[in-house]
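**Student:** Let's see this in three dimensions:
(4 chains)
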Number of protein chains: 2
Amino acid sequence: MKNSHSYQINEKVYEQGEAATYIYQVVSGAIRVFSKLNNGYRQIGSFFFPGDIFGLEPGARRRWSAEAVVEATTVRLTKRKVVVQKAQSNLSLARGLWNLTARDLLHADHHRVMLGLVTAEERMAAFILEMNSRIGVDGEIDLPMKGTDIGNYVGLREETVARVISKLADKGVLRGNGSSRWGRRLNLRRHERLRAMLPPSSLLELPPLSEKLIQTIFSKP
Amino acid sequence: MKNSHSYQINEKVYEQGEAATYIYQVVSGAIRVFSKLNNGYRQIGSFFFPGDIFGLEPGARRRWSAEAVVEATTVRLTKRKVVVQKAQSNLSLARGLWNLTARDLLHADHHRVMLGLVTAEERMAAFILEMNSRIGVDGEIDLPMKGTDIGNYVGLREETVARVISKLADKGVLRGNGSSRWGRRLNLRRHERLRAMLPPSSLLELPPLSEKLIQTIFSKP
DNA sequence: CGCCGGATTGATCAGTTTCAAGGCATGTGG
DNA sequence: CCACATGCCTTGAAACTGATCAATCCGGCG
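**Tutor:** Purely as a prediction, here's the structure:
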C-alpha cells in the first residue's frame, strides 16, 4: 500500500477488533468512526476532516470502525508500529503522540457531555456549533454526512434531526440552502442563540496540530 | 498542603475552570468527577476508587469538577506542574503520563458508547458490569454512590435507576441486600444475562497501573 | 420515638422513536 | 428532454419509554 489512499463512499477503512496497522491523516473528504451497538444501531464517535489525524490507538487493536463518508475520500497513512517504536527513543515524538491522545480525550469528553445533554435541541445545537468550528467558514457549514450519521453521532433518529433543524430554521437561528430544506448546507445566523442553549462547558476549541509533528509522523524514513 | 488529604462527604476537591494544581491518587473512599449542565443537571464523567489516579489534565485548567462521594475520602497528591516538567526530560515518565491519558481516553470512549445505548436497562447493565469489574469482589458490589449519582453517570433519573434495578432483581439477575431494596449493595447472580444485553464492544478492561509510575509521580523529590 | 436522607413505587406527562407517506433533487435510459 | 428510479430529507400521527410529580417506606441516628 502506498503512503496515500483513496476510498469510495461508505468504503471501510478499518474495522473494530482488527490490528491497528496504520495512522491516517485525512487529505480530502471525510471519515466517520463508529462502534456497532445492538439492534443495528451504531454510535459514531467522531468525524474527521482534512488535516485531522486518526487511527492512533492506545493499544494494538481497533476499538472503532472507520469508513469514508463521501466519495473519493483520500488519506495519507503511515505504519503505526514504526511511529510508536520511534517514540520509544524520541522524546519529542513521544510528547507529540501524547498530545494526539490528549486531543482525542478532549474530544471524547466533549462528546460525552453532549450525549448527556437532555433535549434533542441541545444536542443538535452542540453538534452544529462543533461542526461550525471545525468546517464552518463564516457561518456557512457544508455538512458532508447524511442525517442518519448525524443522528448516530448525537444519539437521535434521523427524523428527529430533521425536525430539530426545521424548528431552528423557523426560529431564525439558521437557514438551509434556499428552501426550508437544509440539503446538507447550513447557514448559521445566530451563534449566540445556540450557545445560549448550552452549558458553558460544552464548547470545544482545539489548538492547531503541530506541523512538525505531522511531518515527523508521515515523513518517509 | 501536605502530600495527602482527607475530604468530607460531598466536599469539593477542585472545580471546573480552576488551575490544575495537583494530580491525585485515591487512597480510600471514592471521588466523582462531573460537569455542570443546564437546569441543575450534572453529567458525571467518572468515579474513582482506591488506587485510581485522577486530575492529570491535558491542559492547565480543570475541565471537570471533583467531589468526595463518601465521608473521609482520602487522597495522595502531588504537584502537577512538577511532574509534567519532569516529563520534559524523562522519557519513561513521559510515556507513563501518556499512558495515563490513554486510560482516560479508554474510559471516556467506553462511557460515551454507554451513553449512546438506547434503553435504560442497557445503560444500567453497562454500569453494573463496569462497577463489578472495578470494585466488585466475587459478584458482590458495594456501591458508595447514591442513586442520583448513578443516574447522573448513565443519563437517567434516580427513579429510573431504582426501577431498573428492581426489574433486574425480579428477573433474578441480581439481588439487593436481603429485601427487595438494594441499599447500595448488589449481588450479581448472572453476569451473562447482563453481558447479553450489551454489544460486545461495550466492555472495558484496563490493565493495572504500573507501580513504578505511581512512585515516580508521587515520590517526594 | 420522631426526624432525615435516600430508595421505592405509582400515576401522569412529555418528548422521542417508530411507522408511514410524500417530496425534492439527481442521475439514467429511452 | 422527458419519464422514471433512487437516495435522502421532511412531515404526520401513533406508540412508548423515561421524566416528572407525589407519596410512602426504610434504616440510621439524635
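**Student:** So which residues of chain A form strands?
**Tutor:** Along chain A, counting by DSSP state E, strands occupy A:4-7, A:12-14, A:22-28, A:31-36, A:42-48, A:53-54, A:65-68, A:73-79, A:140-142, A:174-175, A:185-188.
**Student:** which one of those strands lies closest to B:Gly147?
**Tutor:** Checking the strands of chain A against B:Gly147 by C-beta to C-beta gives strand A:42-48 as the closest, at 25.5 Å. Yep, even glycine has a C-beta here, placed from its N, CA and C like the rest.
**Student:** what angle sits between that closest one and strand A:22-28?
**Tutor:** 70 degrees (axes from the mean of the first three to the mean of the last three C-alpha atoms, to 10 degrees).
**Student:** Relative to strand A:42-48, what are the paired strands and their orientations?
**Tutor:** strand A:31-36 (antiparallel) (DSSP bridges).
**Student:** quick one: the strand it pairs with to chain centroid distance?
**Tutor:** What separates the centre of strand A:31-36 from the centre of its chain is 9 Å, taken as C-alpha atoms, centre = their mean, to the nearest Å.
**Student:** What are the contacting residues of that strand?
**Tutor:** With C-beta atoms under 8 Å, 6 or more residues apart in numbering or on different chains as the test, strand A:31-36 has contacts from A:13, A:16, A:24, A:42-48, A:52, A:54, A:63-69, A:73, A:75, A:145, A:149, A:152-153, B:113, B:116, B:199, B:201-202.
**Student:** Now it: average pLDDT?
**Tutor:** Here strand A:31-36 scores 97 as its mean pLDDT.
**Student:** Repeat that for stretch A:88-108.
**Tutor:** 97.
**Student:** Report the distance from that stretch to the chain centre.
**Tutor:** So, by C-alpha atoms, centre = their mean, the centroid of stretch A:88-108 is 18 Å from its chain's centroid.
**Student:** For that stretch, buried residues please.
**Tutor:** Residues of stretch A:88-108 classed as buried: A:91, A:93-108 (neighbour count, 16 or more other C-beta atoms under 10 Å in any protein chain shown).
**Student:** can I assume A:Asp149 is in contact with A:Ala68?
**Tutor:** No: contact between A:Asp149 and A:Ala68 fails when scored by C-beta atoms under 8 Å: they sit 11.8 Å apart.
**Student:** what about A:Lys146, how many neighbours?
**Tutor:** A:Lys146 has 14 neighbouring residues, counting by other C-beta atoms under 10 Å in any protein chain shown.
**Student:** ugh, wrong one, A:Glu121
**Tutor:** 19.
**Student:** before we move on, what about the one 5 residues further on?
**Tutor:** Applying other C-beta under 10 Å, we find 25 residues neighbouring A:Ala126.
**Student:** give me every residue that touches it.
**Tutor:** A:114, A:117, A:154, A:198, A:202.
**Student:** Contacting chain B as well, which ones from these?
**Tutor:** A:117, A:198, A:202 (C-beta under 8 Å from any C-beta of the partner chain).
**Student:** Just give the nearest non-adjacent residue to A:Asn39, would you?
**Tutor:** Nearest residue to A:Asn39, sequence neighbours excluded (C-beta to C-beta, 6 or more residues apart in numbering or on different chains): B:Val118, at 7.1 Å.
**Student:** whoops, A:Leu115 was the one
**Tutor:** Counting by C-beta to C-beta, 6+ apart, the residue nearest A:Leu115 is B:Leu115, at 4.1 Å.
**Student:** Next: A:Leu117.
**Tutor:** Per C-beta to C-beta, 6+ apart, closest to A:Leu117 is A:Arg123, 5.0 Å.
**Student:** Need the strands of chain A in JSON lines (columns: mean neighbour count and distance to B:Ile214).
**Tutor:** Converted to JSON lines, these look like this (neighbours: other C-beta atoms under 10 Å in any protein chain shown; distance: least, C-beta to C-beta, whole Å):
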{"stretch": "strand A:4-7", "mean neighbour count": "16", "distance to B:Ile214": "42"}
{"stretch": "strand A:12-14", "mean neighbour count": "18", "distance to B:Ile214": "34"}
{"stretch": "strand A:22-28", "mean neighbour count": "19", "distance to B:Ile214": "29"}
{"stretch": "strand A:31-36", "mean neighbour count": "22", "distance to B:Ile214": "31"}
{"stretch": "strand A:42-48", "mean neighbour count": "23", "distance to B:Ile214": "30"}
{"stretch": "strand A:53-54", "mean neighbour count": "22", "distance to B:Ile214": "30"}
{"stretch": "strand A:65-68", "mean neighbour count": "22", "distance to B:Ile214": "34"}
{"stretch": "strand A:73-79", "mean neighbour count": "20", "distance to B:Ile214": "32"}
{"stretch": "strand A:140-142", "mean neighbour count": "15", "distance to B:Ile214": "45"}
{"stretch": "strand A:174-175", "mean neighbour count": "18", "distance to B:Ile214": "49"}
{"stretch": "strand A:185-188", "mean neighbour count": "18", "distance to B:Ile214": "47"}
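**Student:** mean pLDDT lowest for which of these?
**Tutor:** strand A:174-175 (a mean of 86).
**Student:** That one - which strands sit beside it in the sheet, and in what orientation?
**Tutor:** Here, using DSSP bridges, strand A:174-175 pairs with strand A:185-188 (antiparallel).
**Student:** Within range of DNA strand D, give me the residues from chain A.
**Tutor:** Chain A comes close to DNA strand D at residues A:118, A:146-148, A:158-159, A:161-163, A:165-166, A:176, A:180-184, as judged by C-beta under 7 Å from any atom of the strand.
**Student:** mind listing the helices for chain A?
**Tutor:** Counting by DSSP state H, one finds helices in chain A at the ranges A:80-87, A:91-116, A:120-135, A:147-154, A:158-170, A:191-197, A:211-218.
**Student:** Can you check the pLDDT for A:Pro199?
**Tutor:** On pLDDT, A:Pro199 comes in at 89.
**Student:** Repeat that for A:Ile9.
**Tutor:** pLDDT at A:Ile9 comes out at 95.
**Student:** ok, what's across the strand from the residue nearest the centre of chain A?
**Tutor:** In chain A, the centroid-proximal residue (C-alpha atoms, centre = their mean) is A:Phe47; its distance is 2.0 Å. On the basis of DSSP bridges, A:Phe47 is bridged to A:Arg32.
**Student:** Identify the residues contacting it.
**Tutor:** A:30-33, A:69, A:134, A:145, A:149, A:153.
**Student:** Quickly note the distance from it to B:Ile135.
**Tutor:** Counting by C-beta to C-beta, to the nearest Å, the gap from A:Phe47 to B:Ile135 is 35 Å.
**Student:** What of A:Ile217?
**Tutor:** A:Ile217 is 39 Å from B:Ile135, by C-beta to C-beta.
**Student:** out of the two, which sits in the busier spot?
**Tutor:** A:Ile217 (23 against 16).
**Student:** Identify the residues contacting that one.
**Tutor:** A:23, A:25, A:53, A:78, A:83, A:93, A:96.
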